[in-house]
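Novice: sequence-free structure coming up:
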């Protein structure tokens, strides 16, 4: 029995459930499926099924570029990715709270408040006091900030425990320990690289580049030919980490052959040419 469904917010529990019962399951990447490009198009479960069935049959026949299939991760791999993704959400929430505090104080003409210092509440009491409603709002935001900071520390403590253990429990933890050793790659970057990229199997470097959204996107039609830059169609977390490490390499290894090739390639170009 061969079954398929689109990848979505439901994750891969259904695919794993069916695979454990002997079914062959293929999960399609939704963005790779051909769709009607009219502004308003009919969409029902029956129409989707009529589209997915011939696409699946063409994929099984081996026709190229029919669609992209998403590998089904194990439950252990998904569980290992939750920690650094939770930290990403928490740091985003912390940034949002800090921006709100800055905005309230700036609206009142107050500056110089160091909201991440431990004495932030004493600083707030010493500032030129805002009115009652604004002060109460800031105090509630500080309550939320302290909760988020505590949760970030808890997540980071669990993350750092991997490199502090005497012996790694699996191959992924061993690679994290090895990657976090070189200068410029911390525990967070090493964990993200392993959990989002190294734990997967890729047939070649092009598959890895496509998964990270780092492949080129040429636009050539007739006499027009230009490069649109990287596709950015893939794992945004892995792509951001790889781009950041690439810029670190240029900064801290300027005499390496790769850095010299890059500088020779872009020469004195700036802006988009240098960034891509």
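Specialist: Arrived safely, thanks for sending. In this text the structure is predicted, and so the values were computed from the model without any measurement.
Novice: quick one: contacts for the residue positioned nearest the centre of the chain?
Specialist: Residue closest to the average C-alpha location in the chain (C-alpha atoms, centre = their mean): residue 237, at 1.9 Å. By C-beta atoms under 8 Å, 6 or more residues apart in numbering, residue 237 lies in contact with 84-85, 88, 192, 196. The way it works is simple: take the backbone N, C-alpha and C, and place the C-beta from them, glycine included.
Novice: repeat for residue 204
Specialist: Residue 204 makes contact with no residue, according to C-beta under 8 Å, 6+ apart.
Novice: again with residue 199
Specialist: Residue 199 makes contact with 73, 77, 80, 172, according to C-beta under 8 Å, 6+ apart.
Novice: what score does residue 276 have for pLDDT?
Specialist: Residue 276 is assigned 57 on the pLDDT scale.
Novice: swap in residue 150?
Specialist: We have a pLDDT of 96 for residue 150.
Novice: in three-state terms, label it for me.
Specialist: helix (DSSP: H, G, I helix; E, B strand; the rest coil).
Novice: pull the number of nearby residues for it.
Specialist: Close neighbours of residue 150, defined as other C-beta atoms under 10 Å, add up to 10.
Novice: before we move on, what about residue 148?
Specialist: Number of residues near residue 148 (other C-beta under 10 Å) recorded here: 20.
Novice: roughly how far apart are it and residue 75?
Specialist: 28 Å (C-beta to C-beta, to the nearest Å).
Novice: drop anything exposed from the contacts of residue 237.
Specialist: 84, 192, 196 (16 or more other C-beta atoms under 10 Å).
Novice: now, among those residues, which is nearest to residue 245?
Specialist: Of all the buried ones among the contacts of residue 237, the one with the least separation from residue 245 (C-beta to C-beta) is residue 192, at 10.2 Å.
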